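Enquirer: structure for the following, please:
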Amino acid sequence: MDLIHIEAVVRPSDEGDLPAYSAGDAYVSGGTWLFSEDQPAARRLIDLSAIAWTPIATSPDEIVIAANCTYRQLEAFDWSALPAGRIFPVAIRSLSSSFKTYGLATVGGNIGLAFAKGMMTPVFIALDASYELVTPASAPGAPASVRLVSAAAFQTGVRQTILGPGEYVRAIRVPRTAFARRLVLRRAAHQASSHVTAMVIAAADPVSGAVTLTLSGALTYPVKFTLDPATPVAAQVDAVCAVRPLLADSHGGEAYRQTLLRELATEALAALAAPDHAA
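Expert: Next comes the predicted model:
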């Protein structure tokens, strides 16, 4: 779609050249959604995709994934030394978007849009990731404002996040220890190319033995909780659904989505317990 209200496009290659935010600015990082419908409030596009952040950086303590890392780069990275990273290709292939967008669509774009159907946010919640959020300097020479928030606290509803005016996601920081976890993703959709109606990620920590479930797709935003082995999993899913908003649309009502969450949680836990489980 042509964005007929846009008056300027800024595409810096260095983060220090980002302009101060003003009303009417819209950040672009891939832009596969932004150009899919009219954006009447947008007057200037600020394209983050050209900034030379390292797509995926590793250190002894954490893995840092740049917000403008594309799906293709995330999928192609060698995750063999980081077993839980095998979930990224699974999540990418579960997206409703075409594989043709994988070279343009970005991890940060998926996070920032905060759709209930988003695949990246629940994965990062399951991995106890944190997001590095930046507000550009308000004047030349002034420092940018940076804060670190947990992935679990970032999304607050459908298309709702804690991002302030002008704030953007710079990077996703995942503790290296989280990549030792065993992860299983299970999703339900009306067809292979549809967005998810419900999704569950089960994760087992090899040190503590704790098992967590991250519920998504059926809820307005993802929720993670630690499984109580003494309580039936269906009852625990129902307890979450009793206090967190469920979605109801053409893909299914609340009761249907809650049932799917129960079934997917049971499937994911069974797969997690199998010795040869696959993400």
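Enquirer: which SS class is the residue nearest to residue 3 when sequence neighbours are not counted?
Expert: Nearest non-adjacent residue to residue 3, counting by Cβ to Cβ, 6 or more residues apart in numbering: residue 39, 5.4 Å away. Using the backbone N, CA and C atoms, a C-beta is placed for each residue, glycine as well. Following DSSP: H, G, I helix; E, B strand; the rest coil, residue 39 is assigned to coil.
Enquirer: repeat for residue 153
Expert: Put simply, residue 153 is helix when judged by three-state DSSP.
Enquirer: that one reaches residue 162, doesn't it?
Expert: Yes. Using Cβ atoms under 8 Å, residue 153 is in contact with residue 162, at 6.7 Å.
Enquirer: now do the contacts for the residue lying closest to residue 160 once chain neighbours are set aside.
Expert: Sequence neighbours aside, residue 114 is the residue nearest to residue 160 in space, at 6.0 Å (criterion: Cβ to Cβ, 6+ apart). Contacts for residue 114 (Cβ atoms under 8 Å, 6 or more residues apart in numbering) come out as 121, 154-155, 157-161, 221.
Enquirer: just the buried ones among those residues, please.
Expert: 121, 154-155, 158, 161, 221 (16 or more other Cβ atoms under 10 Å).
Enquirer: who touches residue 64 in this structure?
Expert: Residue 64 makes contact with 54, 56-58, 171-174, according to Cβ under 8 Å, 6+ apart.
Enquirer: rerun that using 6 Å as the cut-off
Expert: Residue 64 is in contact with 57, 171, 173, counting by Cβ atoms under 6 Å, 6 or more residues apart in numbering.
Enquirer: tell me the SS of the closest residue to it other than its chain neighbours?
Expert: Excluding the flanking residues, the one nearest residue 64 by Cβ to Cβ, 6+ apart is residue 57, at 4.5 Å. Classification of residue 57 using three-state DSSP returns strand.
Enquirer: gap between residue 57 and residue 154?
Expert: Using Cβ to Cβ, to the nearest Å, residue 57 is found at 21 Å from residue 154.
Enquirer: likewise residue 119?
Expert: 15 Å.
Enquirer: same thing with residue 55?
Expert: Distance, residue 55 to residue 154, by Cβ to Cβ: 20 Å.
Enquirer: pull stretch 16-36 out as CSV, backbone CA atoms only.
Expert: Extracted in CSV, the C-alpha atoms of stretch 16-36 (Å, rounded to 0.1, in the frame of the first residue of the first chain):
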residue,chain,number,x,y,z
GLY,A,16,23.6,8.2,16.6
ASP,A,17,22.1,9.8,13.6
LEU,A,18,18.5,9.0,14.6
PRO,A,19,16.4,12.2,14.8
ALA,A,20,14.6,13.3,18.0
TYR,A,21,11.1,11.9,18.0
SER,A,22,8.2,14.1,17.0
ALA,A,23,4.5,13.5,16.6
GLY,A,24,3.7,11.7,13.4
ASP,A,25,6.9,9.6,13.4
ALA,A,26,6.7,5.9,12.8
TYR,A,27,9.5,3.4,13.2
VAL,A,28,10.1,0.9,10.4
SER,A,29,12.1,-2.3,10.8
GLY,A,30,11.3,-4.5,7.8
GLY,A,31,7.9,-2.8,7.3
THR,A,32,6.0,-5.9,6.2
TRP,A,33,3.0,-4.9,8.3
LEU,A,34,3.3,-1.1,8.2
PHE,A,35,2.8,-1.1,4.5
SER,A,36,-0.2,-3.5,4.6
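Enquirer: alright, I will stop here.
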